[in-house]
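Participant: Got a sequence here, can you build the structure:
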Amino acid sequence: MKEFAKSKTLSIFAYQNKRKNTKTLSTMETQAIKTIQFGKFIATIHERSNAIDAKSYPYSVKFVQETPKARYMPYKVIYHYKFTTLERAEQQANAYINNAKSVAEYREIKRAAKAEANKGVNAADFYQIGDVIVNTWGYEQTNVNYYKVVKVTAKTISIVEIGLTTVKGSEYSHGMACNVTADLSNVLPNGDSFTLRVYEKGRLSNPESFYYMRKWSGEAQYNSWYY
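Facilitator: Here you go, the predicted model:
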């Protein structure tokens, strides 16, 4: 039994040592021979002359995205693959860069189309003073806020926060949710106020990335809490 345990320990040591040696070699294995860049995307082809499996996979491609604002690393690795031939490595590098270009072109087309569509937007076509805006937000719970439109310009609306009222009988059995509607007569003295940009189809800008501001339809909204 002791011999078996000793043999097993030696096997584990040999495996760990092999992995250690592999990792050491892998840090010395590559030499960059070609770099292709588009914007913040970089594909680098390496020759793996000193790698353990260099005969089978003499080339690799490392594709990274620059992240200059990141706290620890100036880039993040998208992928790092090995290839049997330089031709295959170049094909993969070019394919990834071309895909990055296609995505960038598509986003630019969408951005330009959206900008063009928003040029002719008139806020008054969608909103008037007295309209109610509802905002729902939250992660583990759904918070609800209501606002009243107090000013309309060519491209924006100004809103002030108003109170809300629980719909009678809408309380859930677990005691942590109900439906609420707007209380138009109750402007909250310490409530939030915002000026929102109006976009095509009446869409609104959001003061926070997790907000969802839109015109209230009059339907009661689900509101929940977990404390």
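
Participant: List the buried residues of the longest helix seen in the chain.
Facilitator: Assignment by DSSP state H gives helix 86-119 as the longest helix of the chain. Neighbour-count burial for helix 86-119 flags 89, 90, 92, 93, 96, 97, 100 (criterion: 16 or more other CB atoms under 10 Å). Yep, even glycine has a C-beta here, placed from its N, CA and C like the rest.

Participant: State the number of residues packed around residue 174.
Facilitator: Residue 174: 8 surrounding residues under other CB atoms under 10 Å.

Participant: and the gap between it and residue 226?
Facilitator: For residue 174, the distance to residue 226 equals 10 Å [CB to CB, to the nearest Å].

Participant: ok, now residue 66?
Facilitator: Distance from residue 66 to residue 226, by CB to CB: 40 Å.

Participant: Show me which of those two is the more surrounded one.
Facilitator: A direct count of neighbours by other CB under 10 Å for residue 66 and residue 226 places residue 66 higher, at 15 against 9.

Participant: How about the more buried one, nearest residue that isn't a chain neighbour?
Facilitator: Excluding the flanking residues, the one nearest residue 66 by CB to CB, 6 or more residues apart in numbering is residue 40, at 4.0 Å.

Participant: before we move on, what about residue 195?
Facilitator: residue 158 (4.9 Å).

Participant: Could you pull up the residues touching that neighbour?
Facilitator: 149, 150, 151, 152, 193, 194, 195, 196 (CB atoms under 8 Å, 6 or more residues apart in numbering).
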